[in-house]
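S.K.: With the sequence up front, the predicted model follows.
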Amino acid sequence: MTPAHPAEPSYGIPVSPLLTCQPDKQRLYGADTYYQESHGQLAALTDDITGFAHRHATLLLKPDAVVTRALDAAVDWLTGRGFRIVGAEITRLTRTMIRSLWYFQWNLATPYRRRLAALFLEDADALVLLVRPLHDLDVPASVELTRLKGPTDPGARRPGQLRHLLGRYSYLLNLAHTPDEPADVLRELAVHFDDTTRDRLFRSALADEDRTAHARELTGLLYAASKPRDLEFDPAVARLRDAVSRHGGADPAAGPRTLLETAWERGTDLDPWDTVIVGSTVLPMRQPGRAPVLDSADADTWRRHLETVRATPS
């Protein structure tokens, strides 16, 4: 008699196809600690986890947005695009958190990108805004906000997009981040915050509270704790040349990339922001020929996906 095959082991919890377009993400997030934490906590507060994740998005305003004093403009942009801020909290982007947030995409990152990200993302705190559209959308709120935010490539950003408004500095210095899909909203809230803070955010959002005033209060705290910075390339190169000349770490007449790499090799003490401004412009940020482990899906893809899912018998 042939022995029965053992049941396939379960590594996590089910992830609804209404939360992601990607079967791979369903499988990986079901076993992901961060996703499980948010999902379990939200399940204790509402029976409609899918609806919550569809109706809400988050906007991370990174340290480059803080030092360029772009937070108020971002809040104004959100309200002008029909989003209500229903939660706001300060976060600190540590080395571990950075890797957790972009865990499934950083296989694309070059060593330069990882090194530069550590210099600026940990330099100041950041602001997370939990938002909800005032009107019904035909795609999840996270998908729409990601579309409106604009792309990573500064040359591809267009007027009206948040990243165009806040500043087109470089691939790395893009000031704002949004989770791509509803499943990402849940996962990233657990990356940023502990149970107590998440509970506060979830309850505020479920009550549809207007937390815009609180967001502006936190903006003031972030500004008070950081120095304003100019992130323009040419002035940063000039400051870098001056630092190299004073420390004798490299030929100050060299091109920006040679200047930076030689200064690193010789251990020259450089301003972290000037290093990031110059490095993110002249050094490769993406490994050629690689695809992300998990990619994003645009609004049209989501519309087709929702039609398919809703037409499939459960």
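M.R.: Great, that's in hand.

S.K.: The closest residue to residue 285 other than its chain neighbours: what's it in contact with?
M.R.: Leaving aside its sequence neighbours, residue 285 sits nearest to residue 113 (CB to CB, 6 or more residues apart in numbering; 4.5 Å). To be clear about C-beta, it is placed using only N, CA and C from the backbone, and glycine gets the same treatment. By CB atoms under 8 Å, 6 or more residues apart in numbering, residue 113 lies in contact with 172, 280, 283-286.

S.K.: do that again at 10 Å, thanks
M.R.: 106, 171-172, 279-280, 283-287 (CB atoms under 10 Å, 6 or more residues apart in numbering).

S.K.: of these, buried ones?
M.R.: 106, 171-172, 279-280, 283, 285 (16 or more other CB atoms under 10 Å).

S.K.: Quick check: which ranges of this protein have low pLDDT?
M.R.: Along the chain, the model assigns pLDDT under 70 to residues 1-9, 248-250, 314.

S.K.: Residue ranges of each domain in it, please.
M.R.: 23-227, 233-282 (automatic domain parsing).

S.K.: Of the ones you listed, which is nearest residue 301?
M.R.: Ranking these by their distance to residue 301 (criterion: CB to CB) puts domain 23-227 first, at 8.8 Å.

S.K.: Could you work out the end-to-end span of the closest one for me?
M.R.: Terminal residues of domain 23-227 lie 44 Å apart, using CA to CA, to the nearest Å.

S.K.: got the residue ranges for the strands in the stretch 101-250 of the chain?
M.R.: In the stretch 101-250 of the chain, the segments counted as strands under DSSP state E, counting those that start in this stretch are 126-133, 176-177.

S.K.: distance between the ends of stretch 221-229?
M.R.: Across stretch 221-229, first to last residue, CA to CA, it's 16 Å.

S.K.: Report the buried residues of it.
M.R.: Buried residues in stretch 221-229, counted by 16+ other CB under 10 Å: 222-223, 229.

S.K.: can you put the residues you listed in TSV and add distance to residue 142?
M.R.: Listed next are the buried residues of stretch 221-229 as TSV, based on distance: CB to CB, whole Å:
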residue	distance to residue 142
222	23
223	27
229	29
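
S.K.: just to revisit the earlier point, quick check: which of the domains of the chain is nearest to residue 298?
M.R.: Among the domains of the chain, domain 23-227 comes nearest to residue 298, with 7.0 Å by CB to CB.

S.K.: ok now that closest one, how far from the chain's centre?
M.R.: 5 Å (CA atoms, centre = their mean, to the nearest Å).

S.K.: need the strands of the stretch 101-250 of the chain in CSV with distance to residue 25, can you?
M.R.: Formatted as CSV, these follow (distance: least, CB to CB, whole Å):
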stretch, distance to residue 25
strand 126-133, 21
strand 176-177, 17
